[in-house]
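1. from the sequence below, what's the structure:
(2 chains)
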Amino acid sequence: MGEPAIRTAGLTKHFGDVVALDNLTLDVQQGEIFGFLGPNGAGKSTTIRLLLSLIRPTAGEAWVMGIPVADVAKAHRHVTYVPGDVALWPQLTGTETLDLLGNISGNVDSPFRDELIERLQLDPSKRVRSYSKGNRQKIALVAAFMTRPDVLLLDEPTAGLDPLMEDIFQSLAREATGRGQTIFLSSHILDEVEDLCHRVAILREGQLIEVATLDQLQELDTTVFDIEFDGSPPTFDAVAGVIKVESNGDGTRVTVKGSPAPLLAALAPLSVTHLRTHTPSLEEIFLSYY
Amino acid sequence: MAAVLRLFARLTRRGIVLLAVGVVAYVLVEAVSFVQTYPDEASRMRLSEFGDQPAVRMLQGIPHAVETVGGFVVWDGGWFLQAIIGVWAILTTSRLLRGEEDSGRAEFPLSGPVSGLQVAASALLTVTAGCLVAGIAVFVSIVVPSEDLLGSALFALGVAGFGVVMASATAVASQLLGVRRQAAAVGAAFLGIAFVLRMIANSSDGRSWVSWLSVFGWMDRLRPFGDNNVGVLGVYLAVAGVLLGVALALRARRDLGAAVLVRDGDVRSRPLLLKSSIRFAWRLTWGTLLAWGVGIAVYSFFIGSLVKAMGEVLADDPAYEQYLDLLGMTKEDISLGMVAVMAVVTGLIISLYAAWRIGAVRNEEDAERAEHLLTRPLTRGRWLGGHLVLAVVSVVLLVLLTGTATWVGAAVTGADVSLLDTIDAGANLLPVILLFGGLAVAMFGLAPRLTIGVPVGAVVVAYVLSFVGPALDLPGWVVGISPFYHVALVPVNDFALTQGLIMIGLALVATAVGWVTFHRRDLVGA
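-> The predicted model follows:
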């Protein structure tokens, strides 16, 4: 597949005593939509800001399209960025903002920009100060896509969008990767990641704890059991492999990691009225890591 | 509501402390300069002769009780003190009442169990408290040298009252207009009109009734340390009360973010100065630069037009002659000497501008707007470099402007001062301005949150030190810390080349430190 779109080697960032990102080594291939998951404070934004050289690494290195990220003048020809909370110049209009950002980027595909404005239903003739959060986000999305960059670094880019716009964002993302562009998507909207991403990485307290394709993750050894009993449900705390037990309407939902044999053995003497198993959704996988 | 008050107190306390420190420093400088310049009864009595000079009367005011230290400070510095507190009140009121809504932050307190009216009332209480703190600072610093309780109290209340009236006028504007800058501009215009009305009132005795129409003029009616007309305080109270009532009534009637005079909807885009980061920096700054320019030009014109009148009064004052001797000047130098001394004050103001200009760069970073530029193929060096070019060019423009405006003022009143003299006097301060600007750049790299605070504090301390230090017989090396101490009185004396070069060298070093540390550090937002 050639040069990875994004490569990090031992990337580490400390803020004082706090380890925001610890020894991250990762390759993202060109043409991929790569999901970056984790709760608040896990280090998602820190990683993206390191990739943009907005903050300097404590240790380690990173490359975008083979260019060291510190070489901003070169690396940023290949990258655009959408932050989660878009702060713009309130006195400019949407059009002026896009002109400015386009002039500094260079290489704006003007017809495509107009198409993006149309599809995202953005009215660029208003002043930014009168825009809602969602509209400011649309400006940033148009600005990020309109230069057709090789890599898009998106940090929770749809937090302020309604479901209709979320759909349009997803098709824009798919079209972009269809043309060979790469999308690095930090998100905690799991449906979005599940629908969109080829591979995901899961981050916890600055540590990378999993990188896998969605298919791999779902086969990854976790099984969910929905069980109903005749009588009151027993406790499963002592059963090997059980990582979570929750009461679920009439029954009990038990999540098992690894072999289900101990759970089945524990169930055998009980009067089970219903038993259903399924592979977990991304949300369930995600929660199983924390 | 107590929580909202605490929040506003937190947001404003640093400004209030700076304001109070500045007020104390200013009053002390005034008092010390009075004692130094007019050491005996005879010289003090002559001060009232300024009342016969039309230019002085109009611009500075009619002297009352100027033979006392308190009366002198009211006459010589009272209007400037009021203007400082007025400007603080205008900026703070428009920020709390409109700026917080502009930025959407106001939604936070309002989601709690408080109404918009209560938030507005809390903001006005906070600003009023700030004005009273400034008033207390005036009282404390003037009561010691004047030993006059009633006069000091009236002066302090008049100054605080001026601030409260400015705040309440701005409060009304903040309800009418939907943008903070516009509300602040209306407040500033109100202050400017009050100043012009006072000039008209003082232009002749027959027109003195006009002073009732000017907030500045009420101090001339109050006459602290002289007639002590306590009743005039009622005017401040009544006008502020009415304006505050109107502002709160308007607030109760509108929605959050809305304004009585709305101007929303589509606006025409102007694709001006958007081609590069440095051109865009000009677009962001020219409005503010214009405002500083107008303020500095008006002030310089005012100083220039006083030169001749001051010179005539002082020329036959034997005590002043001794003072001139001390400075190494002769009587013939009086006009030029005044130009030189006043250029130091405008140099101080432009130093504050330089610190503010670098602070605006920090503000772009702090508000996370700089990220949109720096995540594009734009290096930090080009971004910061553009802003530094802009800062230097605008400082040079302001220096040329103050020189020109001083000369125009002097020429209109027929003073014997050439354009070259006034430009030289302004340019004389350039090394000092660049030094403080460089300090701001250094702080921007080293400790970005202190980008404005440290250089502004340094400017004020340095100025006070250069003035008060010699009077208090502080050792030479202490006073020598102040760049102002090393400034020669151009155009009377020659430019101090060595000192100037050293200051420019230090400015370059400080800028380099800021440049390097900015490149090494993380961008830090709010």
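2. now residue B:518. Nearest residue, chain neighbours left out?
-> Distances taken as Cβ to Cβ, 6 or more residues apart in numbering or on different chains put residue B:445 closest to residue B:518, at 4.0 Å, once the chain neighbours are dropped. In this view, the C-beta of every residue, glycine as well, is placed from N, C-alpha and C.
3. and if you look at residue B:127?
-> The nearest residue in space to residue B:127 (Cβ to Cβ, 6+ apart) is residue B:167, at 4.5 Å.
4. with residue B:501 instead?
-> That would be residue B:431: by Cβ to Cβ, 6+ apart, it lies 7.8 Å from residue B:501.
5. what sits against the one you found?
-> Taking Cβ atoms under 8 Å, 6 or more residues apart in numbering or on different chains, we find residue B:431 in contact with B:483, B:499, B:500, B:501, B:503, B:504, B:507.
6. and those, which are buried?
-> The neighbour count (16 or more other Cβ atoms under 10 Å in any protein chain shown) marks B:483, B:499, B:500, B:503, B:504, B:507 as buried among the contacts of residue B:431.
7. what about the first one, distance to chain A?
-> Residue B:483 sits 34 Å away from chain A, taking Cβ to the nearest Cβ, to the nearest Å as the criterion.
8. mind listing what that residue touches?
-> B:431, B:432, B:435, B:436, B:462, B:503.
9. and the last one, by the same measure?
-> Counting by Cβ under 8 Å, 6+ apart, residue B:507 touches B:431, B:434, B:435, B:437, B:438.
10. and whichever strand or helix holds it, how far from the chain's centre?
-> Residue B:507 belongs to helix B:497-520 when assigned by DSSP states H and E. The chain centre lies 26 Å from the centre of helix B:497-520; the measure is Cα atoms, centre = their mean, to the nearest Å.
11. look at the residue nearest to residue B:210 when sequence neighbours are not counted and report its pLDDT.
-> Nearest residue to residue B:210 in three dimensions, chain neighbours excluded: residue B:201, at 3.8 Å (Cβ to Cβ, 6+ apart). Here, the pLDDT recorded for residue B:201 equals 88.
12. burial count for residue B:201?
-> When neighbours are counted by other Cβ atoms under 10 Å in any protein chain shown, residue B:201 registers 25.
13. surely it meets residue B:215?
-> No: the pair residue B:201 / residue B:215 is not scored as a contact, 11.7 Å apart, by Cβ atoms under 8 Å.
14. give me the distance between whatever residue of the stretch 51-200 of chain B ends up closest to chain A and residue B:184.
-> Residue nearest to chain A within the stretch 51-200 of chain B (Cβ to the nearest Cβ): residue B:102, separated by 6.3 Å. Going from residue B:102 to residue B:184 by Cβ to Cβ, to the nearest Å gives 11 Å.
15. run through the residues of the stretch 51-200 of chain A sitting next to chain B.
-> Residues of the stretch 51-200 of chain A found near chain B (Cβ under 8 Å from any Cβ of the partner chain) are A:52, A:54-56, A:72-74, A:76-77, A:79-81, A:83, A:85, A:87-90, A:93, A:95-96, A:99-101, A:103-106, A:124-127, A:129-130, A:140, A:143.
16. any of those buried? List them.
-> A:52, A:54-55, A:72, A:76-77, A:79-81, A:83, A:87-90, A:93, A:95-96, A:99-101, A:103-105, A:124, A:126-127, A:129, A:140, A:143.
17. ok, back up a step: same list, the contacts of residue B:431, but as CSV with pLDDT please.
-> Rendered in CSV, the data for the contacts of residue B:431 read as follows (pLDDT from 0 to 100):
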residue, pLDDT
B:483, 94
B:499, 95
B:500, 96
B:501, 97
B:503, 97
B:504, 97
B:507, 98
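18. quick check, nearest of these to residue B:85?
-> Nearest to residue B:85 among the contacts of residue B:431, counting by Cβ to Cβ, is residue B:483 at 26.8 Å.
19. re the thing from before, for residue A:3, state which of the contacts of residue B:507 is nearest.
-> residue B:438 (43.3 Å).
20. report the buried residues of the longest helix anywhere in chain A.
-> In chain A, assigned by DSSP state H, the helix with the most residues is helix A:163-178. Residues A:165, A:168, A:169, A:172, A:173, A:176, A:177 are the ones in helix A:163-178 that count as buried (16+ other Cβ under 10 Å).
21. let me know the outermost residue of the chain.
-> The chain I'm using is chain A. Distance from the centre of chain A peaks at residue A:269, with 43.5 Å (Cα atoms, centre = their mean).
22. you answered for a different chain; I wanted chain B.
-> Quick read of chain B (Cα atoms, centre = their mean): farthest out is residue B:377, 38.9 Å.
23. tell me the phi and psi of it?
-> phi -70, psi 60 (degrees, to the nearest 10).
24. what's the distance between it and residue A:195?
-> From residue B:377 to residue A:195 the distance is 32 Å (Cβ to Cβ).
25. what do you get for residue A:135?
-> When residue A:135 is compared with residue A:195 (using Cβ to Cβ), they lie 24 Å apart.
26. more neighbours: these two, which one.
-> More neighbours surround residue A:135 than the other of residue A:135 and residue A:195, with 22 against 16 (other Cβ under 10 Å).
27. so that one sits right up against residue A:120, yeah?
-> No: assessed by Cβ under 8 Å, residue A:135 is found out of contact with residue A:120, at 9.2 Å.
28. burial count for the residue of the stretch 401-526 of chain B found nearest chain A?
-> The stretch 401-526 of chain B approaches chain A most closely through residue B:522 (3.8 Å), counting by Cβ to the nearest Cβ. If you count neighbours by other Cβ under 10 Å, residue B:522 ends up with 16.
29. circling back: got the contact list for the residue farthest from the centre of chain B?
-> A:72, A:73, A:74, A:76, A:77, A:104, A:105, A:106.
30. if anything else comes up later, I'll come back, but that's it for now.
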